[in-house]
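Asker: structure, please.
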Amino acid sequence: MNGNENSREELIAENAALRHELEGIRSRNNQVQGSGDPANGGFCSTLISDVPEYLYSIDFTQGEIVAVFHSPQCEEITGYCPCDYTINPNLWMDMIHEKDRERVRIFLQNLREPLHCKSIEHRIIHKDGSVRWVLNMSTVHKDINGSTVRQSGFLIDVSGRREEDERNMKLLDETRRTSFTDDLTQLYNRRAFRVLTEQQVLVAGRINHSVLLFFIDVDGLKHVNDTYGHSGGDKLLVSLAEILKCTFRESDIISRIGGDEFAVLSMEIGPDASDILLERLQANIEKRNREGHDDAALSVSAGVARYNLDGSDSVTDLLDRADKDMYLRKTNKFSAAGQNISADCCVENGKSYDKSAVG
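Answerer: Numbers count the residues shown, from 1 in each chain. As a prediction, this is how the structure comes out:
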C-alpha cells in the first residue's frame, strides 16, 4: 500500500468519526428539545434552578403588576419563597430597606433603554428581620409604544463584601486618624498640619483670601518637666491644646508640631484678626492660671505670619516667618520684664521656673 492509499484510508476513518460525533450531538439536542415546554418546568426550569443568582421577572400591563417570577434562589437571599411573591406581587419592593426605597424607585424610573442592564446596590430586610446588602442588576422590556411591559434581572447577596468594605474603611479611618493625630493632645500632628495647610493655602490663593499662621511655643517646658515630672509637662501641653481649641474656630487647623511647639492656620476675618486672636489666647491662658491649678502655670510666646496673596509663600515660608516673629515677641516680653531670654529663671503668674529651657 503506497502513501496515497494510506492518506485516503485515514481521511475515510476521520470522516466516519466526525459523522458519529455529529449523530451524537443531534441525538442529545433532540433529547433536550423533547424534555418539555420551558413554561411547564422543562429544560429552562432545570437551567434556572442551576443558576446561583436570584433571577426575577415582573410583567406589567398599563403600569400594574400582572405576573411575577422569582427563582428558587430568592429564598436563600431574602428568606421568602417564590410563592410569597405570587401572593404579594409588591413584596419585592416592600422588602427594600426604607432608607433605600426612594433611591431604588428613582433607579427603576431611569431604566429607559430596553435590554440595557444597570445595577444598584441597596439593602433589603430579610424575612428574619436582618439587613442584607444586594447587588440588583436590572433591565426593562418595552412595547412598541414605549411602555414598560417587563422588568427583569437578578440579585446577588453582597453583604459579606459590604461588611468587609466597612471594616476596611474603619481601619483606614483609624489609620489616617492615628497617622494624623498627636497621641498626647489629640490635635493634628506635624505631618497632618503640613498636608492640610498646603491644601488650605492653595484654596486661599484661588479665592484671594488671606490666612494667618500662628506659631506658639510653651515657655520653660524643660523646667516644668524637671520640677513636676514629665506628667506635669504633659498636663501643661494638654491644657494648652484645650485652650487653643477654645481660642480658635473649629474650622481652623490646630496642631502640635513639636515637643513644646504648636501651630494654627486660621482664615483672616478682618484687619485686626491676628491681634484679636492673640489677645484672646492670652486671656484664656490667664483665666486658666487664675483657676488655681496645682500644676505649673502656663506661659507661651506666640508669633504670626500672613500669607502673601501673590502666591509666593510656601508652608515652610509661613512657618519660618511665624517662628521668627514668635522669637522676637518672646525676646521683647522678657526684656520688658528686665530679664534676658537666656536668663536662668523668670517669674510668671507668681511661679518661678528655669529660663534656660526657654527657646
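Asker: buried set for the helix or strand hosting Leu236?
Answerer: Element membership for Leu236, per DSSP states H and E: helix 221-247. For helix 221-247, a neighbour-count test (16 or more other C-beta atoms under 10 Å) marks 221-225, 227-228, 232-237, 239-241, 243-245, 247 as buried. Heads up, the C-betas are built off the backbone N, CA and C, glycines and all.
Asker: now stretch 326-340
Answerer: Going by neighbour count (16+ other C-beta under 10 Å), the buried part of stretch 326-340 is Met326, Tyr327, Arg329, Lys330, Lys333, Phe334, Gln339.
Asker: excluding chain neighbours, what is closest to the fourth one?
Answerer: This points to Lys330. Ser301 (3.6 Å; C-beta to C-beta, 6 or more residues apart in numbering).
Asker: what does Leu91 give?
Answerer: In this structure, Leu91 finds its nearest non-sequential neighbour in Tyr85, 5.2 Å apart by C-beta to C-beta, 6+ apart.
Asker: isn't that neighbour right up against Asp94?
Answerer: No - under the criterion of C-beta atoms under 8 Å, Tyr85 lies out of contact with Asp94, with a separation of 10.3 Å.
Asker: more neighbours, these two?
Answerer: A count of neighbours by other C-beta atoms under 10 Å puts Tyr85 above the other of Tyr85 and Asp94, at 20 against 11.
Asker: what helix or strand does that one sit in?
Answerer: Element membership of Tyr85 [criterion: DSSP H and E] is helix 82-87.
Asker: can I get the very next helix or strand once past that helix in PDB? Just the C-alpha atoms.
Answerer: Tracing the chain C-terminally past helix 82-87 and defining elements by DSSP H and E, one meets helix 91-94 next. Taking only C-alpha atoms (Å, rounded to 0.1, in the frame of the first residue of the first chain), the coordinates of helix 91-94 have been written out as PDB:
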ATOM      1  CA  LEU A  91     -43.200  42.100  48.200                       C
ATOM      2  CA  TRP A  92     -40.100  42.700  46.100                       C
ATOM      3  CA  MET A  93     -40.500  46.500  46.700                       C
ATOM      4  CA  ASP A  94     -41.800  46.100  50.300                       C
END
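Asker: show me what helix 91-94 is packed up against.
Answerer: Using 3 or more C-beta pairs under 8 Å, 6 or more residues apart in numbering; DSSP states H and E as the contact criterion, the neighbours of helix 91-94 among helices and strands are helix 82-87, helix 98-109.
Asker: what sits up against it?
Answerer: Applying C-beta atoms under 8 Å, 6 or more residues apart in numbering, the set of residues contacting helix 91-94 from outside is Tyr56, Ile58, Val68, His70, Tyr80, Asp84, Tyr85, Asn88, Arg101, Val104, Arg105.
Asker: would you mind pulling the contact partners of stretch 271-286?
Answerer: Defining contact as C-beta under 8 Å, 6+ apart, one finds that stretch 271-286 is touched by 212, 214, 216, 240, 243-244, 246-248, 266, 268, 270, 298-300, 302, 304, 306, 349.
Asker: out of those, which end up buried?
Answerer: Neighbour counting with 16+ other C-beta under 10 Å marks 212, 214, 216, 240, 243-244, 247-248, 266, 268, 298-300, 302, 304, 306 as buried within the contacts of stretch 271-286.
Asker: run the chain-centre distance for the helix holding Tyr85.
Answerer: What separates the centre of helix 82-87 from the centre of its chain is 39 Å, taken as C-alpha atoms, centre = their mean, to the nearest Å.
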